[in-house]
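My questions are about this predicted structure, shown below with the sequence.
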Amino acid sequence: MRWTDFLNTLSGAVWGAPMTVLLLGAGLFLSLRTGFPQIVRFPQMLRHTLGAAFQKGKKSGGVSPLQATCTALAGAVGTGNIAGVAGAVALGGPGAVFWMWVSAALGMCTKYCEVALALRFRRRGPGGQWLGGPMYYIRDGLGRRFAPLAGAFALFGALASFGIGCTAQVNTVAETVKGAAAAFFPLTPAQQALIAWCVSILCATAAAAVILGGVQRLAEVTSRIVPAMALLYLAAALAVILLRAGELPRVLRAIIQGAFDPAAATGGAAGIGLRQAMGRGISRGVFSNEAGMGSSPIAHASATADHPAGQGLLGIFEVFTDTVVICTLTALVILLGVGAENLPYGADPGAALTLRGFQSVLGGRGPGLLLAAVLSLFALSTLLAWSYYGSRCVEYLLGPRAAKGYQLLFCLAAALSGGIRLEIVWTVSELFNGLMAVPNLIGVLALSPVAARLTRDYFKRRTAPFL
C-alpha cells in the first residue's frame, strides 16, 4: 500500500461514523444542557454582538472582544470556505451542503461552550497575557489526572497547525494564483512551479512579519483583514446569485434531495451514497468553522470579556458567519455556475471549481484575479491565526522558550508548501483535525455542567453590560 493510500485510509477511519456521531451528538447534548442558545439567544446575539464587539480592549494584558473574535474568524474563514466547500460538493454531492448546515447548527453550541470554558479556566502567562484553550480547561477543569488528555490535544493542535493552518492555505493560494496567471498567458510546468514557490515565500515572509510581533500585532492585523476579505467575497458571490436567481429553487431542491438521496441528486454519479454525503459535509464543515476542534477558543481566551458566556455568544456568531453565510454562498456559486450535473464527482478540484462557478456567470478574467486576491487574504489570515494556536500548544507542552522556535519552523513550512500535491494536503489536514477534536470534545462534554451554570448565571444578569 502506498503511503498516500494509507493516509486516505487513516483519514477515512478518523472521519467515519464514530466521528460523525461524536460531533453531532456532542452538539445536540450541549444544546440540551444549555437551552439551545444558538436558537433561543440568536436574536440577542445579532442585536448585541457586533455593537459590543467594538468595545476597546482594556489594558489588562488582553485584546478587545472584536480583535479576539476576528483572530478566531481569521483561523476559521480560510481556504476551507472556498476550496474545502468545492471538495465537499464534488466528493459528497450537493447534499453535502445540507450536512454542513446541520453540523453548523449544532456546532454553534459546541463553539459557544468551548469559548465559555476557555475563558472560565484561562490563566495569566508570565508576561501578563491571558492563556487559555482546551489544554487548560481539560487539565484545570477535570483535574490533574486528565493532564495526558490535555497534552494530547496540545500535541495534535501543534501538528494540525502545519496542515490546516499552513500547508493547506499556502498550497491553495499557489494553485489559484497559477490559475489566474494562466488566464492571461500559457504557463509551462517550470513556470507554474516558479509561481508556486514565489507565492509560498511571499506568504511565509508576510506571516513572519506579523507572527514575530506577538498577539497584539496579530490581533490588530486580523481585525483589519477579516472584515475586508469577507465583504469583498460576499459582494462577488451575491452578484452570481442575483444573476442566476431564477435557478436558485432548483439548486436548493438538489441540496435537500441530495442530503437524503445522493444518487437521485447526482444521477448516480461516482456512486455517492448517504454516508459519503454526510461525512464530507460534516468534515469539511468542521474544517471550515472548527466547531469541536478546540482551536479558536485559544484566541477567544485572550479577550477582555467580563463574562465567559458573553464571549461564548461571539463563538456562535463566528460559526454562523463562517458556515451558514460564507460556505453557503460558495456552494451556491458552484451549483449555480457549474451545475450539479457538471461537477467533477469523485475528485477534489480545490478552488478551481469555485473559480469555474464565478467565471461561468461573471465571465472574463476578472473572477480569477478576484478569487486569487480573496484567497490570498483568507489564507494569510488563517496562517496568522493558526500560527498563534500552534504556538500556544507548543508553549503548553515545552514552555515559552519553545514558542519562538515553533514560529520559525512554521514560517519555513509555509515557504515550502506551494509544491505539495493538493490531495495529500487536504487528507493530512482532515486527519489531524479529527485527532484534535477527540480530546477536546471529551473535555467539553465532561465540563458541560460548568457551561450550563455559566449560561444560567449570565442570562440572569442581563441587566449588566453585554461583555
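Sure thing, it's come through. Numbering: from 1, shown residues only.

For Asp140, give me its contacts.
By CB atoms under 8 Å, 6 or more residues apart in numbering, Asp140 lies in contact with 121, 123. C-beta: built from backbone N, CA, C; applies to glycine.

Against Thr304, how distant is it?
Distance of Asp140 to Thr304, computed by CB to CB, to the nearest Å: 20 Å.

Quote the end-to-end distance of stretch 25-43.
25 Å (CA to CA, to the nearest Å).

Pick out the least confidently modelled helix or strand of the protein, by mean pLDDT.
Least confident helix or strand of the chain, by mean pLDDT, DSSP states H and E, is helix 65-76 with a mean of 59.

which is the next helix or strand following that helix?
helix 83-92 (DSSP states H and E).

could I get that next one in CSV with only the CA atoms?
Output in CSV follows, covering the C-alpha atoms of helix 83-92 (Å, rounded to 0.1, in the frame of the first residue of the first chain):
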residue,chain,number,x,y,z
ALA,A,83,-11.5,25.1,-1.7
GLY,A,84,-13.0,22.9,1.1
VAL,A,85,-16.6,23.6,0.1
ALA,A,86,-15.7,22.8,-3.5
GLY,A,87,-14.3,19.4,-2.4
ALA,A,88,-17.3,18.7,-0.3
VAL,A,89,-19.7,19.2,-3.2
ALA,A,90,-17.6,17.2,-5.6
LEU,A,91,-16.9,14.3,-3.3
GLY,A,92,-20.3,14.3,-1.4
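
Give me the mean pLDDT for the helix or strand just after that helix.
Of the helices and strands lying after helix 83-92 in sequence (DSSP H and E), the nearest is helix 95-120. Mean pLDDT, helix 95-120: 93.

for whichever helix or strand comes after helix 95-120, packing partners?
The helix or strand immediately downstream of helix 95-120 is strand 123-124, counting by DSSP H and E. The contact analysis (3 or more CB pairs under 8 Å, 6 or more residues apart in numbering; DSSP states H and E) places strand 123-124 against strand 130-131.

Tell me how far the strand it packs on lies from the chain's centre.
Centre-to-centre, strand 130-131 and its host chain are 22 Å apart (CA atoms, centre = their mean, to the nearest Å).

Pairing partners for that strand, with directions?
strand 123-124 (antiparallel) (DSSP bridges).

Touching the strand it pairs with from outside, list them.
Taking CB under 8 Å, 6+ apart as the rule, strand 123-124 contacts 61, 130-132, 136, 140.

which helices and strands sit right next to the helix or strand containing Gly151?
Taking DSSP H and E as the definition, Gly151 sits inside helix 147-162. For helix 147-162, the elements it packs on are helix 134-142, helix 366-398, helix 401-415, helix 422-446, judged by 3+ CB pairs under 8 Å, 6+ apart.

Adding distance to Phe162, write those out as a markdown table.
Listed next are the helices and strands packed on helix 147-162 as a markdown table, based on distance: least, CB to CB, whole Å:
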| stretch | distance to Phe162 |
| --- | --- |
| helix 134-142 | 18 |
| helix 366-398 | 7 |
| helix 401-415 | 5 |
| helix 422-446 | 8 |
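
Of the ones you listed, which is nearest Arg41?
Minimum separation from Arg41 across the helices and strands packed on helix 147-162 (CB to CB) falls at helix 422-446, 18.4 Å.

So which other helices or strands are in contact with that closest one?
Using 3+ CB pairs under 8 Å, 6+ apart: helix 422-446 touches helix 3-14, helix 17-34, helix 83-92, helix 95-120, helix 134-142, helix 147-162, helix 168-182, helix 274-289.

mean pLDDT for those helices: which is lowest?
Taking the mean pLDDT of the helices and strands packed on helix 422-446, helix 3-14 comes last: a mean of 70.

got a list of contacts for stretch 441-455?
22-23, 26, 29-30, 33-35, 37, 110, 112-114, 116-117, 120, 134, 137-138, 141-142, 146, 149-150, 153, 292, 294, 307-309, 312.

Pull out the buried residues from the residues you listed.
22-23, 26, 29-30, 33-34, 37, 110, 112-114, 116-117, 120, 134, 137-138, 141-142, 146, 149-150, 153, 292, 294, 307-309, 312 (16 or more other CB atoms under 10 Å).

doesn't Thr110 make contact with Ala26?
Yes. The pair Ala26 / Thr110 is scored as a contact, 5.9 Å apart, by CB atoms under 8 Å.

hmm, back to that, quick check: the farthest pair among the contacts of strand 123-124?
Going by CB to CB, the pair spanning those furthest: Gly61 and Asp140, at 18.5 Å.

Just the helices from the stretch 201-350 of the chain, written as ranges.
Applying DSSP state H, counting those that start in this stretch to the stretch 201-350 of the chain gives helices spanning 214-243, 248-260, 262-266, 274-289, 297-300, 308-319, 328-337.

Using TSV, please lay out those together with distance to Val170.
Formatted as TSV, those follow (distance: least, CB to CB, whole Å):
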stretch	distance to Val170
helix 214-243	16
helix 248-260	31
helix 262-266	32
helix 274-289	16
helix 297-300	20
helix 308-319	23
helix 328-337	20
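
right, so of those helices, which gets closest to Phe378?
Going by CB to CB, the one of those nearest Phe378 is helix 214-243, 5.8 Å.

Name all residues that make contact with Ser429.
With CB under 8 Å, 6+ apart, Ser429 has these contacts: 160, 163-164, 167-168, 287.

need these in JSON lines with distance to Val394, can you?
Listed next are the contacts of Ser429 as JSON lines, based on distance: CB to CB, whole Å:
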{"residue": "Ala160", "distance to Val394": "12"}
{"residue": "Gly163", "distance to Val394": "15"}
{"residue": "Ile164", "distance to Val394": "16"}
{"residue": "Thr167", "distance to Val394": "17"}
{"residue": "Ala168", "distance to Val394": "19"}
{"residue": "Phe287", "distance to Val394": "22"}
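
of those, closest to Ala182?
Ala168 (21.4 Å).

Would you mind confirming that that closest one is in contact with Glu430?
No. At 9.5 Å, Ala168 does not count as touching Glu430 under the criterion of CB under 8 Å.

quick one on the thing from earlier: Serialize the helices and strands packed on helix 422-446 to CSV and add fields for distance to Glu341.
CSV is the format used below for these (distance: least, CB to CB, whole Å):
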stretch, distance to Glu341
helix 3-14, 27
helix 17-34, 27
helix 83-92, 13
helix 95-120, 15
helix 134-142, 43
helix 147-162, 36
helix 168-182, 23
helix 274-289, 16
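
Out of these, flag the one nearest Gln191.
Per CB to CB, nearest to Gln191 of the helices and strands packed on helix 422-446: helix 168-182, 8.3 Å.

helices or strands up against the closest one?
Going by 3+ CB pairs under 8 Å, 6+ apart, helix 168-182 lies up against helix 189-211, helix 351-362, helix 366-398, helix 422-446.

could those go into CSV alongside mean pLDDT?
Listed next are those as CSV, based on pLDDT from 0 to 100:
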stretch, mean pLDDT
helix 189-211, 84
helix 351-362, 83
helix 366-398, 83
helix 422-446, 83
